[in-house]
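*Asks:* The sequence and its predicted three-dimensional model are supplied below.
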Amino acid sequence: MGKVVVLDHPLIQHKLTYIRDKNTGTKELRELVDEVAMLMAFEITRDLPLTDITVETPIQQAKTKVLAGKKIGLIPILRAGLGMVDGMLNLIPAAKVGHVGLYRDPETLKPVEYYIKLPSDISERELIVIDPMLATGGSANDAIESLKKRGAKKIRLMCLVAAPEGVELIEKNHPDVDIYLGALDEGLNDHGYIVPGIGDAGDRLFGTK
Ligand SMILES: O=P(O)(O)OC[C@H]1O[C@H](OP(=O)(O)OP(=O)(O)O)[C@H](O)[C@@H]1O
Ligand SMILES: O=c1cc[nH]c(=O)[nH]1
Ligand SMILES: [Mg+2]
C-alpha cells in the first residue's frame, strides 16, 4: 500500500486557509496556489537521492553532495492542475511537464479524457501527478492509468485537498502510488464537491464562473 501523507507544515496550512476562503479573489488565489505548490514540492522531494562530489571552496577542497540526477516529470491534470506547475518548477526547474486533459462530467461525475501529451521518456522518470482536488478520485485514477498504459513506472500524486473517497480509490487501484496532500477533508456533497473543500478549483483559478 502506498503512503498517504498530509503535509502539515504551518506555512502550507496557513495558506490553505486563505485558498479555502470564498472571499479570496482570482489574483490572490493564483498566488497562494503557486506558493503552496512550491512548499509541497519542497516537502515531497526530501527523499531525492544525492551523490558525492568534491568542489574547491575559496579555502580548500570540500566533499559535498549534489542531486543524483533523478529525472522528474510533472503531470498536471488540466485545467486546475496547471495552477500548481509554476510553483513546482521554481524548485525543480529541469523537470519535464506532461499534460493530461480531463473534465468531470457534472451528471455522472465520471472523468472524460480530452488531451494527453507526455515527455517521450516517462518510463525513466519519477512522475508527480498534480491536481488541486482529489474528490471521487476518478480523474486522478484515470490519469494514473493512462500514464501506466504508456509505460510510467514510478508515480506520486500531489493534491491540495482530498476527500477520503478519492484517497480510498487510489489506494485500492494504485497501491504503488504515494499520495501527498495539503489536507484530508470530511467527504463529498451531493454534487461530488469536497466538503468543506475549496469549491471549484478550475473555475476559481481561471475566473470562469
Ligand atoms: O476526483 P474527481 O471526482 O474526479 O474530481 C476532481 C477533478 O475535478 C476537477 O476538475 P474539473 O472536472 O472541474 O475540470 P477543470 O479542472 O477543467 O475545471 C479537479 O481539478 C479534478 O481534476
Ligand atoms: O470540490 C471539488 C471537487 C471536484 N472538483 C473541484 O474543483 N472541486
Ligand atoms: Mg473544475
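*Replies:* Looks like it arrived, so ask away. Numbering: from 1, shown residues only. Ligands and ions are numbered 1, 2, ... in the order given.

*Asks:* Ramachandran coordinates for L127?
*Replies:* Backbone torsions for L127, taken as degrees, to the nearest 10, come to phi -100, psi 140.

*Asks:* Spit out the contact partners of it.
*Replies:* When contacts are counted by Cβ atoms under 8 Å, 6 or more residues apart in numbering, L127 touches I72, G73, L74, I75, G98, L147, A152, K154, I155, R156. All C-beta spots, glycine's among them, are computed from the backbone N, C-alpha and C.

*Asks:* What's opposite the first one in the beta bridge?
*Replies:* Here I72 sits in beta bridges with E126, going by DSSP bridges.

*Asks:* now do the last one
*Replies:* Beta-bridge partners of R156, counted by DSSP bridges, are I128, D178.

*Asks:* Tell me how many other residues crowd it.
*Replies:* With neighbours defined by other Cβ atoms under 10 Å, the count for R156 comes to 21.

*Asks:* which ones are touching it?
*Replies:* Residues near R156 by Cβ under 8 Å, 6+ apart: I44, E126, L127, I128, V129, V177, D178, I179, Y180.

*Asks:* Let me have these in JSON lines, extended by pLDDT and distance to ligand 1.
*Replies:* Compiled in JSON lines, the contacts of R156 are given as follows (pLDDT from 0 to 100; distance: Cβ to the nearest ligand atom, whole Å):
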{"residue": "I44", "pLDDT": "95", "distance to ligand 1": "19"}
{"residue": "E126", "pLDDT": "95", "distance to ligand 1": "21"}
{"residue": "L127", "pLDDT": "97", "distance to ligand 1": "16"}
{"residue": "I128", "pLDDT": "98", "distance to ligand 1": "15"}
{"residue": "V129", "pLDDT": "98", "distance to ligand 1": "10"}
{"residue": "V177", "pLDDT": "98", "distance to ligand 1": "14"}
{"residue": "D178", "pLDDT": "97", "distance to ligand 1": "17"}
{"residue": "I179", "pLDDT": "98", "distance to ligand 1": "12"}
{"residue": "Y180", "pLDDT": "98", "distance to ligand 1": "15"}
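
*Asks:* Let me know the closest of those to ligand 2.
*Replies:* Ligand 2 has its nearest neighbour among the contacts of R156 in V129, at 15.1 Å by Cβ to the nearest ligand atom.

*Asks:* The closest one: what's it in contact with?
*Replies:* By Cβ under 8 Å, 6+ apart, the contact set of V129 is I75, I77, G81, V100, A140, A143, I144, L147, I155, R156, L157, M158.

*Asks:* Check whether the first one really touches L147, as I assumed.
*Replies:* If I follow you right, that is I75. Yes. Here I75 reaches L147: they are 6.6 Å apart, a contact under Cβ atoms under 8 Å.

*Asks:* list residues touching both of the two?
*Replies:* G98, V100, L118, L127, V129.

*Asks:* Now do the strands in the chain.
*Replies:* Counting by DSSP state E, one finds strands in the chain at the ranges 4-6, 50-56, 61-67, 72-78, 96-97, 99-104, 111-117, 126-130, 133-134, 154-162, 178-184, 187-188, 194-195.
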